[in-house]
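A.B. asks: sequence plus predicted model, see below.
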Amino acid sequence: MSEEASSSGGEFERDPVPDSALLGSGKFWGMYAGEHAAGTEFMIGPLFLAAGASLSDLLLGLLLGNLLAVLTWRFLVVPIAMAKRFTLYYQLERIAGGSLVKFYNLVNGLLFCFLAGAMITVSASAVGVPFDITFDVPSNMLGLSNLSFTGLVAIVGVVIAVVAAGGYGRVARFANIAAPWMIGVFAACGIVSLAQMNATSFAAISEGVFWSDAIAFVQEKNGPQTFSFWQIVVFAWLCNGAMHFGMADLTIFRFARSKSSGWAPAIGMFLGHYMAWIAAALLLAALIKLQPAMALGSDGKVTANPGMLAFESLGWAGIICVVIAGWTTANPTIYRAGLAFQGVIPSSSRTAMTLVAGGVATIAGAFPNLSAQLLGFVGTYGTVLGPMGAVIFVDFYLMKKYGLQDEYAQRSGSKINPAVMIAWLLPVAVGLYLIIVEGLFAAYAVIPCWIACGVLYLVLSKWMQKPSDQPATA
């Protein structure tokens, strides 16, 4: 998209995208295919099995959850994106105020860094296989792996950060070239794994004995765990909650020429978050059946080592796919984190802030438990960033209907809209308390926090907006 936008006078960071820069649906389908069939899938897929999800629940739960995610993108994000044609950050600045958006950017950038760190861990796990460098997950959350793997993470992180600092254009082109091949490798992983387990008939697959045996092995080593049908549905729906409920993809769909572009996330959800997750989970099931000792970490517990899983299934093709998948996810994520940090310090250069983001991501990647906790982390990510989307939704659809002024910070000249600040931080604080202290499944908090934020924003705006600032008629 950058080339098209640039030819029309820039990226339109603070202006509506003009008609001359609008893009057809094909641009969006390719982008979502590359974005969501990538490194995270090698980590998340095996975690479903390790958490005790049944095969039938996984197949049906992912189907429903991913369908809900596509519908949310299409009917929540796209209408506002096409009506306003602003980036998320500029839209929030007009509503919430520049100073509050700087704080939002800082939080956003740090969360992006932790996600990129997990992808650096994924790539390092694959690079380490031919060098016999093991991927050990320590028992405590902030524990480091062995010294060799930590050094490998540092090397991989530096390389990825330097490439990301060189600009998004090359990274995006590389991802679009690699995406079709990676999708093919994911499919091959699932097919080969089923063949390795002699599950070559529909009856063998539907009975799922290989899956049940793998879960029993994990439960024996890791302790009893359950991951229910509705947890799968909610996770699949809301693991990208910051992108759709949080409206981050306003920045993407502001270039859409037609609403049909809003169906593009379907290719990422059903090739990446459905087929690739299931295929990656089958890798772990096959390893447990064929070589159970190799599935165990140094602590005697089952560990989802993406590099080892792919190597045992597809050899060097699997290793290369894991490296590239982690690479194509980490690079744009670090790039986005750099842009968020640059928004906090506008006088800084994008290159410098991208390198800072790469450094933070590399440090995060040195702690393998962060990647092992992705099922919880992406829910927490949506809980923190998602509610800001409710502010945009209410501002667009409801403010004038209730006699209030939309884009209040822009119209009043305020640096911080207190109604937005309270409406965002209060539900997020409650949600994080329930997740961290009470043990609530993180994805369950996203929608309640989103609704609470929207209601609070409307009520507080009614109370805080000055009568002189309000429209003459409702």
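C.D. replies: Great, that's in hand. Just so we're clear, the structure is a prediction, and the values are computed from it rather than from any experiment.

A.B. asks: domains for the protein, by residue range?
C.D. replies: The record assigns the chain these domain ranges, following automatic domain parsing: 2-385, 386-474.

A.B. asks: so which of those domains is the most surrounded?
C.D. replies: domain 2-385 (a mean of 21; mean count of other CB atoms under 10 Å). The C-beta positions use only the backbone N, C-alpha and C, and glycine is treated the same way.

A.B. asks: the domains of the chain: lowest mean pLDDT?
C.D. replies: Lowest mean pLDDT within these: domain 2-385, a mean of 83.

A.B. asks: off-centre distance for that domain?
C.D. replies: 5 Å (CA atoms, centre = their mean, to the nearest Å).

A.B. asks: repeat that for stretch 383-396.
C.D. replies: The answer for stretch 383-396 is 17 Å, by CA atoms, centre = their mean.

A.B. asks: C-alpha coordinates for that stretch, PDB please?
C.D. replies: Extracted as PDB, the C-alpha positions of stretch 383-396 are listed here (Å, rounded to 0.1, in the frame of the first residue of the first chain):
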ATOM      1  CA  THR A 383      -8.100  -6.600  26.700                       C
ATOM      2  CA  VAL A 384      -5.700  -3.700  26.900                       C
ATOM      3  CA  LEU A 385      -6.000  -2.300  23.400                       C
ATOM      4  CA  GLY A 386      -9.500  -3.500  22.300                       C
ATOM      5  CA  PRO A 387     -11.600  -1.100  24.400                       C
ATOM      6  CA  MET A 388     -10.200   2.000  22.600                       C
ATOM      7  CA  GLY A 389     -12.200   0.700  19.600                       C
ATOM      8  CA  ALA A 390     -15.400   1.100  21.600                       C
ATOM      9  CA  VAL A 391     -14.500   4.800  21.900                       C
ATOM     10  CA  ILE A 392     -14.300   5.100  18.200                       C
ATOM     11  CA  PHE A 393     -17.500   3.100  17.700                       C
ATOM     12  CA  VAL A 394     -19.500   5.300  20.100                       C
ATOM     13  CA  ASP A 395     -18.000   8.500  18.800                       C
ATOM     14  CA  PHE A 396     -18.900   7.600  15.200                       C
END
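
A.B. asks: distance of the spatially closest residue to residue 157 that is not a sequence neighbour relative to residue 348?
C.D. replies: Counting by CB to CB, 6 or more residues apart in numbering, the nearest residue to residue 157 once its immediate chain neighbours are dropped is residue 362, at 2.8 Å. In this structure, residue 362 and residue 348 are 19 Å apart, going by CB to CB, to the nearest Å.

A.B. asks: what about residue 272, distance to residue 460?
C.D. replies: 38 Å.

A.B. asks: helices or strands next to the one helix or strand residue 332 maps to in the packing?
C.D. replies: In this assignment (DSSP states H and E), residue 332 forms part of helix 316-344. Counting contacts by 3 or more CB pairs under 8 Å, 6 or more residues apart in numbering; DSSP states H and E, helix 316-344 packs against helix 25-36, helix 39-50, helix 98-127, helix 147-165, helix 168-196, helix 306-314, helix 350-365.

A.B. asks: which residues touch the last one?
C.D. replies: Read it as helix 350-365. Applying CB atoms under 8 Å, 6 or more residues apart in numbering, the contact partners of helix 350-365 are 109-110, 112-114, 116-121, 124, 153-154, 156-158, 160-162, 164-165, 330, 333-335, 337-342, 345, 370-371.

A.B. asks: repeat the analysis, applying 6 Å as the threshold.
C.D. replies: Here helix 350-365 makes contact (CB atoms under 6 Å, 6 or more residues apart in numbering) with 113-114, 116-117, 120-121, 153, 157, 161, 164-165, 334, 337-338, 341-342, 370.

A.B. asks: which non-adjacent residue is nearest residue 376?
C.D. replies: Using CB to CB, 6+ apart, the nearest residue to residue 376 is residue 442, at 4.7 Å.

A.B. asks: that neighbour: what's it in contact with?
C.D. replies: If you count contacts by CB under 6 Å, 6+ apart, residue 442 has them with 376, 379-380, 435.

A.B. asks: ok, it to residue 337 distance?
C.D. replies: Using CB to CB, residue 442 is found at 20 Å from residue 337.

A.B. asks: spatially central residue for the chain, please.
C.D. replies: residue 240 (5.0 Å; CA atoms, centre = their mean).

A.B. asks: picking up where we left off before, what's the closest of the helices and strands packed on helix 316-344 to residue 406?
C.D. replies: Comparing the helices and strands packed on helix 316-344 by their distance to residue 406 (CB to CB), the top pick is helix 98-127, with 16.3 Å.

A.B. asks: tilt between the closest one and helix 350-365?
C.D. replies: Helix 98-127 runs at 60 degrees relative to helix 350-365, counting by axes from the mean of the first three to the mean of the last three CA atoms, to 10 degrees.

A.B. asks: for helix 98-127, name the packing helices and strands.
C.D. replies: Packed against helix 98-127, as judged by 3 or more CB pairs under 6 Å, 6 or more residues apart in numbering; DSSP states H and E, are the following elements: helix 39-50, helix 147-165, helix 306-314, helix 316-344, helix 350-365, helix 368-372.

A.B. asks: let's have those in TSV, adding distance to residue 452.
C.D. replies: Putting the helices and strands packed on helix 98-127 into TSV (distance: least, CB to CB, whole Å) gives the following:
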stretch	distance to residue 452
helix 39-50	27
helix 147-165	35
helix 306-314	36
helix 316-344	25
helix 350-365	29
helix 368-372	28
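
A.B. asks: just the element for residue 62, please.
C.D. replies: Element membership for residue 62 (DSSP H and E) is helix 55-72.

A.B. asks: contacts for that helix next, please.
C.D. replies: 48, 208, 211, 229, 232-233, 236-237, 244, 265-266, 269-270, 273-274.

A.B. asks: what angle sits between that helix and helix 39-50?
C.D. replies: 140 degrees.

A.B. asks: pull the CA atoms of the next helix or strand after helix 55-72 into PDB?
C.D. replies: Note on helix 55-72: by DSSP H and E, the next helix or strand toward the C-terminus is helix 78-84. Coordinates of each C-alpha in helix 78-84 appear next as PDB, following Å, rounded to 0.1, in the frame of the first residue of the first chain:
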ATOM      1  CA  VAL A  78     -14.800  -1.400   7.400                       C
ATOM      2  CA  PRO A  79     -17.800   1.000   7.600                       C
ATOM      3  CA  ILE A  80     -16.000   3.400   9.900                       C
ATOM      4  CA  ALA A  81     -12.700   3.000   8.000                       C
ATOM      5  CA  MET A  82     -14.400   3.900   4.600                       C
ATOM      6  CA  ALA A  83     -16.400   6.700   6.100                       C
ATOM      7  CA  LYS A  84     -13.500   8.500   7.900                       C
END
